[in-house]
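Asker: Pasted the sequence and its predicted model underneath.
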Amino acid sequence: MQRYSLLWGVFVTFFVGQNSANSWTSNHNECSNVQHHYVQLDIGHGSLTPAKKIHDASMDVCYNGAQAKNKTSCCNRQMEKKYLQVVQKDFYDVIKMKSAYLKNLISSNASFYQEKFLQLIKLAEASTDFLFSNIYKIPLKDRHGPIGDFFMDLQAYIKRRPVNIQDSVQRFFDAIFPLVFHSNLNDPNLKDYTDEYKECLSQARQAIYPAPFKNFPSKISHHLSKALSTAHKFMEALNLGVEAVNTTEHLLLDAQCTRALTRVKYCSHCDGYIAARPCHNFCLNVMRGCLANVAELDEQWNKFIDSTEKLATNMRGSHNLTQVMMALDGNISDAIMHAMQNGPRFYSKVIAKCNHPQFLKSKKPGQPEPLVKPTTGRWQVPLHVHLQSFMQQFLASKGFYKSLADSMCQHNMFSTGTSSRRKCWNGEEMKPYTKLVVAGELASQVKSNPEMRVSPGKNTALIMLKDKLAHVTKSIDHKFSTTGMQSDTWVVHIHPSPGDVDQGSGDGGQGDDEDGNDIDGSGSGNGGNFQDDLHRYNGGKKDNNDNTDIFIDEQSNVVVTPNQPAVPIVQNAAASSTVSFVFVVTTILSSALWVNG
């Protein structure tokens, strides 16, 4: 009885073992399961597969048919060609999965920051238009062109179009000089100037000394250029980051790589092992060989990320676009105030250049306008919070290209599928992989990869990408090695002390330091109350260390800065009378001086 039980146990063990083996081999004498799998994966038509194992002398990848004359399999050359095609799709699918997070991180932030930069510019445009309309009473038809053209240039620059910021600023002040000269240096109720006389004023403005707007145009262009160029360079860096990921995703696989990938993924099917997975070390050698040239991007990619972090740091400091744009209307106002206060000093120069004013025959029509309030433009989360969060995630992508090959082997499409090293596909049979695993560096792969021949530096797209990364990195590093990373006080120090007021007027006059810290100097003087009103209107100037954003409360009409008292917007009768008072005094003094002169 015991002997019978023992024999039965041996029989059961043998039977189970055979079934277990068949789960891997799927009946070596038949290929129906291979055919079914081939069709199920939509690799090709079932008619391409043999019904039983055959020898195909033209087989070239899974085995060498010409040499291994006794080798039979469930594959033929037609199937092998199909495998070579479909494995490339498998590779691209996995590499896209592995890079999807990084690509989405960069592309979504590129869209986000471009939108926010443009939003800032639009808010500055609305504030400037409000200033011209409500403070200086310049009609819409006169101010629309200069303001619109100027801010359109700033938007185009952010969109990475070729724009010279210095030229745009100078054109803006050339365009508004006739408006300022007519509206504030003459009786605004007079007839309008002829187009020819306006053109003469615009062309003569930069040649007049003392300069009507002092050195405000050059200082404004200096700080706009710094902030906008940093934002522009940041956008360029993000778009290059997206390009880098796209280049990797669309990498052209050479024949050596495609053949090796086919042996990893599909050649086990030829022996009937449709459920098999490649040995992990086998996968590593193949993936490292395929991506050896890609891994060479890693060092330059890491440097590129470090340089992008410099940009982000400076966007929170001395090159803060938020601060510069929020201060822009106030600094334009200071330039206009300087022209109003110093009209008698350059009036004779205007006459010398353009003769006495030439007016239209009809009286300039009055154009009453409703008050226009700037849109709020407050961000739900301050810019520096977004920058900090983004850079933390972006910095984590260091080493992405070096680790990409190994991460590909972590995907179940190319993984072992089991922890047992005895049950993995080593490229030839279901046995452990015993070949040396070669380091991912290109030199090691070229010299020692046992699965494929690796050729260095033949992919033109990768070479160009590496050069682009190096170029952008170098330009960023050069930008901040020359400009430094210190803060500019011009945007912050709105109210200079009386001793800071420069009585000279020429461009580059006294106190014209490199950083332009005196730019607000000429805005003070006899019109101090009016200046105070204007600066309360422009209540958004803030300290460089303050990362909060200003906004305008549309319900209460006050400028609000977090942790600071609310400041009323000047748009009431008292403000209008202040403007009128300054205008009358300026006109009387100017007329007296011109008569005596």
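Answerer: Looks like it came in fine.

Asker: Verify the contact between residue 76 and residue 50 for me.
Answerer: Yes. Under the criterion of Cβ atoms under 8 Å, residue 76 makes contact with residue 50 at 6.2 Å. For every residue, glycine as well, the C-beta is placed using N, CA and C.

Asker: After whatever helix or strand residue 287 lives in, which helix or strand is next?
Answerer: Taking DSSP states H and E as the definition, one finds residue 287 inside helix 280-290. Once the chain leaves helix 280-290, the next helix or strand it forms, by DSSP H and E, is helix 292-295.

Asker: which strands and helices sit next to that next one?
Answerer: Judged by 3 or more Cβ pairs under 8 Å, 6 or more residues apart in numbering; DSSP states H and E, the packing partners of helix 292-295 are helix 400-408, helix 442-448.

Asker: For it, which outside residues touch it?
Answerer: For helix 292-295, the external contacting residues (Cβ atoms under 8 Å, 6 or more residues apart in numbering) are 248, 251, 288, 401-402, 404-405, 440-442, 445-446, 449, 454, 456-459, 462.

Asker: What remains of those if I keep only buried residues?
Answerer: When the contacts of helix 292-295 are checked for burial by 16 or more other Cβ atoms under 10 Å, the buried set is 248, 251, 288, 401-402, 404-405, 440, 442, 445-446, 449, 454, 459, 462.

Asker: just checking, residue 411 touches residue 97?
Answerer: Yes. Here residue 411 reaches residue 97: they are 6.9 Å apart, a contact under Cβ under 8 Å.

Asker: in the stretch 251-400 of the chain, which ranges drop under the pLDDT threshold?
Answerer: 318, 355, 357-382 (pLDDT under 70).

Asker: Residue 448 and residue 108: what is the separation?
Answerer: 41 Å (Cβ to Cβ, to the nearest Å).

Asker: swap that for residue 348, sorry
Answerer: 58 Å.

Asker: likewise residue 453?
Answerer: Distance from residue 453 to residue 108, counting by Cβ to Cβ: 40 Å.

Asker: May I ask which helix or strand of the chain has the lowest mean pLDDT?
Answerer: Lowest by mean pLDDT, DSSP states H and E among the helices and strands of the chain is strand 567-568, with a mean of 33.

Asker: What residues of stretch 210-226 count as buried?
Answerer: For stretch 210-226, a neighbour-count test (16+ other Cβ under 10 Å) marks 211-226 as buried.

Asker: Please list all residues in contact with the spatially closest residue to residue 73 that is not a sequence neighbour.
Answerer: Using Cβ to Cβ, 6 or more residues apart in numbering and skipping the chain neighbours, the partner closest in space to residue 73 is residue 270 (3.9 Å). By Cβ under 8 Å, 6+ apart, the contact list for residue 270 reads 34, 62-63, 73-75, 79.

Asker: The same query, at a cut-off of 6 Å, please.
Answerer: Residue 270 sits next to 62, 73-75 when contact means Cβ atoms under 6 Å, 6 or more residues apart in numbering.

Asker: and which of these is nearest to residue 328?
Answerer: residue 62 (68.3 Å; Cβ to Cβ).

Asker: For the protein, give me the ranges with low pLDDT.
Answerer: Within the chain, the set of residues satisfying pLDDT under 70 comprises 1-29, 183-191, 202, 318, 355, 357-382, 416-422, 482-597.

Asker: In it, which helix is the longest?
Answerer: For the chain, the longest helix by residue count, based on DSSP state H, is helix 77-130.

Asker: who does the helix or strand that that one is followed by touch, helix- and strand-wise?
Answerer: Scanning forward in sequence from helix 77-130 by DSSP H and E, the next helix or strand is helix 140-158. Here helix 140-158 touches helix 77-130, helix 165-185, going by 3 or more Cβ pairs under 6 Å, 6 or more residues apart in numbering; DSSP states H and E.

Asker: Would you mind finding the most buried of these?
Answerer: Most buried of these, by mean neighbour count (mean count of other Cβ atoms under 10 Å): helix 165-185, with a mean of 21.

Asker: Show me what that one packs onto, helices and strands only.
Answerer: Counting contacts by 3+ Cβ pairs under 6 Å, 6+ apart, helix 165-185 is packed against helix 140-158, helix 195-204, helix 216-249, helix 321-341.

Asker: Could you list every helix and strand that the second one packs against?
Answerer: In terms of contacts (3+ Cβ pairs under 6 Å, 6+ apart), helix 195-204 is packed against helix 165-185, helix 343-354.

Asker: now the shortest one and helix 165-185, what's the angle there?
Answerer: When you say that, I think you mean helix 343-354. 110 degrees (axes from the mean of the first three to the mean of the last three Cα atoms, to 10 degrees).

Asker: Would you mark the buried spots in helix 343-354?
Answerer: 343-344, 346-347, 349-350, 354.

Asker: between the helices and strands packed on helix 292-295, which gets nearest to residue 143?
Answerer: Nearest of those to residue 143, taken as Cβ to Cβ: helix 400-408 at 50.0 Å.

Asker: Nearest residue to residue 453 in space, please, no chain neighbours.
Answerer: Nearest residue to residue 453, sequence neighbours excluded (Cβ to Cβ, 6+ apart): residue 256, at 5.2 Å.
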